[in-house]
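# Turn this into a structure:
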Amino acid sequence: MNKKFFLSSAIAGVMAFSLYAPSASAHDMLDGSGIQKGPAEADLTDVPTLEGEKNLSNWHEVADVQLKEYDGVQNSTADVYAHKGYAYLGTHVDGGGNGGVRIFDMQDPSNPVEIAKFADDIPGTWQEKVIVKTVNTKHFKGDLAVVSVQQLNRNAEGSQGGFLLYNVSDPHNPEKLGFWKVDKRVPGTHELYLTEQNGKPFVLAANPYADYYTHGETKDFALVDVSNPAEPKTIYEFDPRSLPEVSEDFDGYNWEAPDGKTRPVFNHSTMTDRNGDTAYLSFWDLGTIILDISDPYNVEYKGRTDFAPKVQGSAHSSAIAKGGNVLIETREVYNPTKEGYEESYGYTRIFDIKDPTNPQLLSTFKTDLVDNVEDGVTFANTVHDPKVHGNTLYLSHYAGGLRAVDITDPSNPVQIGKYVPKDAYFWGVFVDRNYILASDMGNGLKVLLKNNGNTKTNVPKHEVQR
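Residues are numbered from 1 along each chain as shown. As a prediction, this is how the structure comes out:
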């Protein structure tokens with residue numbers, strides 16, 4: 001089944017681009033005609049596994065739960081996150097958007113129960129990314145959720161992009177606290193991250209095309225102080241023009257790169273290290289931007305990854321390993337036959353960033369899908385999102401399912417497992433306690449559990465904040 005792409009100014013997932021104005025934002029936007037499916041496979045034992053703590057042969061699927069329908073509408077899943085025994089699933093554009101965030105009680109991972117839906121009140125939008133953390137400020141104490149909001153159509157009346165802030169201290173009763181709005185001309189906040197610095201919570205927001213659509217008035221990356229969730233305040237924006245290799249006449253999207261190519265540039269995703277001292281901005285063909293945010297009011301640029309002339313950039317998302325010394329960079333390349341570049345779908349790159357001013361490429365990790373270019377343009381074969389747990393890298397891979405990679409030696413990554421259930425189309429993955437969560441766009445929430453793991457998580461229930 002072929003995927004039908006929307007040609008609109010709305011952003012959807014990770015985008016499809018030309019070297020001109022970003023008028024097509026198709027990326028992984030899907031319509032009601034369906035989702036391209038993967039093969040039917042069973043578990044994480046399809047390739048040899050390592051011994052001891054790296055042994056994945058004792059993982060198995062314990063749950064497969066579809067999202068609830070509301071008013072007869074079946075939304076598809078986007079990213080997945082877990083906090084204090086609850087799973088949070090964002091939703092994609094299927095069903096007309098406005099699917100909100102779904103909360104699942106994970107006390108029994110073999111029986112996830114959908115208990116709430118929130119962040120669905122901005123008309124004509126979709127809610128991909130959600131991050132939840134416990135914060136304590138003079139304005140708010142409890143579990144704070146931040147949710148990305150993207151417009152389906154920038155010209156639609158009443159729609160607005162940005163991110164929502166919710167109190168989810170009682171997950172059964174989420175309470176709206178605030179809304180950070182990006183310029184109406186901008187599709188919205190795509191991926192985001194919530195971190196804390198010196199007792200203050202900050203949101204890192206990726207707002208693709210902001211620079212382009214506002215003619216530089218607003219930038220693609222914003223650092224926002226959310227100490228008072230009712231009044232979020234932007235304190236910093238990153239301007240690519242501050243880099244010597246980017247000219248002052250950069251139009252916010254088309255970059256005349258030193259390799260002689262015109263490359264697309266926009267901020268797709270953001271995250272920080274464990275301490276919140278360093279930010280990583282996935283800036284497509286400008287690579288992964290590394291910022292020192294240890295003082296959020298005095299941000300310092302450190303360095304970035306770059307690409308060989310024959311390699312499409314497409315820096316999509318990142319993860320950190322080895323105590324912050326190793327950067328995982330996933331690249332979402334949907335067109336493997338783009339003129340002037342290698343024939344390959346998106347694969348993963350691994351960098352030594354002990355010196356963040358000079359990232360060094362250690363290795364690349366490719367699945368068996370990335371060189372399968374016979375089918376032409378498709379998202380099924382490209383990598384999507386990374387997560388790291390110990391020395392294991394987990395990759396969501398659309399129709400390629402979930403891949404587990406041993407990165408004990410980052411210069412020699414080795415696939416040690418894969419999980420590709422029937423009709424797989426995986427957007428995100430998250431590792432929490434003794435289970436792995438994966439969001440399957442067409443099929444809902446998948447839960448993998450260790451055979452020797454306790455079925456019950458025994459996580460204390462939230463105390464309701466008053």
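
# Mind checking what helix or strand follows the helix or strand Leu437 falls within in sequence?
Assigned by DSSP states H and E, Leu437 falls within strand 435-440. Counting by DSSP H and E, the next helix or strand C-terminal to strand 435-440 is strand 444-450.

# list the contacts for Val182?
Applying Cβ atoms under 8 Å, 6 or more residues apart in numbering, we find Val182 in contact with Gly161, Gly162, Gly188, Thr189, Ala205, Asn207, Ala210, Thr218, Ala222. C-beta here means a position set from N, CA and C on the backbone, and glycine is covered the same way.

# Now flag whichever of those is closest to Ser110.
Proximity of those to Ser110 (Cβ to Cβ) peaks at Thr189, which lies at 34.1 Å.

# pLDDT score assigned to that closest one?
As summarised for this prediction, Thr189 has a pLDDT of 98.

# Equivalent analysis for Thr457, please.
In this model, Thr457 is scored at 56, pLDDT.

# Where do the helices of the stretch 101-250 of the chain begin and end?
Counting by DSSP state H, counting those that start in this stretch, the stretch 101-250 of the chain has helices at residues 210-213.

# hang on, the earlier thing: in strands only, show me the contacts of Val182.
Judged by DSSP state E, strands contain the following of those: Gly162, Ala205, Ala222.

# would you list these in JSON lines and tack on distance to Asn254 and neighbour count?
What follows is the ones in strands among the contacts of Val182, written out as JSON lines (distance: Cβ to Cβ, whole Å; neighbours: other Cβ atoms under 10 Å):
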{"residue": "Gly162", "distance to Asn254": "25", "neighbour count": "27"}
{"residue": "Ala205", "distance to Asn254": "23", "neighbour count": "30"}
{"residue": "Ala222", "distance to Asn254": "22", "neighbour count": "26"}
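
# quick one: low-confidence ranges for this structure?
1-56, 375, 452-466 (pLDDT under 70).

# Against which helices or strands is the strand ranked longest in the chain packed?
What stands out as the longest strand in the chain, according to DSSP E, is strand 141-151. Helices and strands touching strand 141-151, by 3 or more Cβ pairs under 8 Å, 6 or more residues apart in numbering; DSSP states H and E, are strand 86-91, strand 125-126, strand 130-136, strand 162-167, strand 192-197, strand 200-206.

# swap the cut-off to 7 Å and go again
strand 125-126, strand 130-136, strand 162-167, strand 192-197 (3 or more Cβ pairs under 7 Å, 6 or more residues apart in numbering; DSSP states H and E).

# Output the ones you listed in TSV, with distance to Ala119 appended to each entry.
Conversion of those to TSV gives the following (distance: least, Cβ to Cβ, whole Å):
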stretch	distance to Ala119
strand 125-126	9
strand 130-136	8
strand 162-167	5
strand 192-197	12
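
# Which is the succeeding secondary structure element to whichever helix or strand Ala319 is part of?
In the assignment (DSSP H and E), Ala319 maps to strand 315-321. Helices and strands here follow DSSP H and E; after strand 315-321, the next one along the chain is strand 326-331.

# Check the offset of the helix or strand following that next one from the chain's centre.
As assigned by DSSP H and E, the chain's next helix or strand after strand 326-331 is strand 348-352. Distance of strand 348-352 from its chain centroid, counting by Cα atoms, centre = their mean, to the nearest Å, is 17 Å.

# For strand 348-352, name the packing helices and strands.
Under the contact definition 3+ Cβ pairs under 7 Å, 6+ apart, strand 348-352 sits against strand 326-331, strand 360-365.

# which of the ones you listed is buried the deepest?
Of these, the one with the most neighbours on average (mean count of other Cβ atoms under 10 Å) is strand 326-331, at a mean of 26.

# Now do the residue lying closest to Lys354 once chain neighbours are set aside: how many residues are near it, please.
Distance criterion Cβ to Cβ, 6 or more residues apart in numbering; nearest residue to Lys354, sequence neighbours excluded, is Asn325 at 4.9 Å. If you count neighbours by other Cβ atoms under 10 Å, Asn325 ends up with 15.

# mind checking how far Asn325 is from Pro356?
To Pro356, Asn325 is 10 Å away according to Cβ to Cβ, to the nearest Å.

# do the same with Phe365
From Phe365 across to Pro356, the span is 21 Å (Cβ to Cβ).

# again with Asn153
Using Cβ to Cβ, one obtains 39 Å as the distance from Asn153 to Pro356.

# Chain neighbours aside, what residue packs nearest to Ile103?
Of all residues not flanking Ile103 in the chain, Ala116 sits nearest, at 4.3 Å (Cβ to Cβ, 6+ apart).

# Please look at that neighbour and Pro174 and confirm they touch.
Yes - contact criterion Cβ atoms under 7 Å: Ala116 and Pro174 qualify, at 5.9 Å.

# Pick out whichever of these two has more residues nearby.
Pro174 (23 against 18).

# in the sheet, who's paired with the closest residue to the more buried one other than its chain neighbours?
Using Cβ to Cβ, 6+ apart and skipping the chain neighbours, the partner closest in space to Pro174 is Phe118 (3.8 Å). Beta-bridge partners for Phe118, by DSSP bridges, are Val101.

# Distance-wise, check Phe118 relative to Asp170.
Phe118 is 11 Å from Asp170, by Cβ to Cβ.
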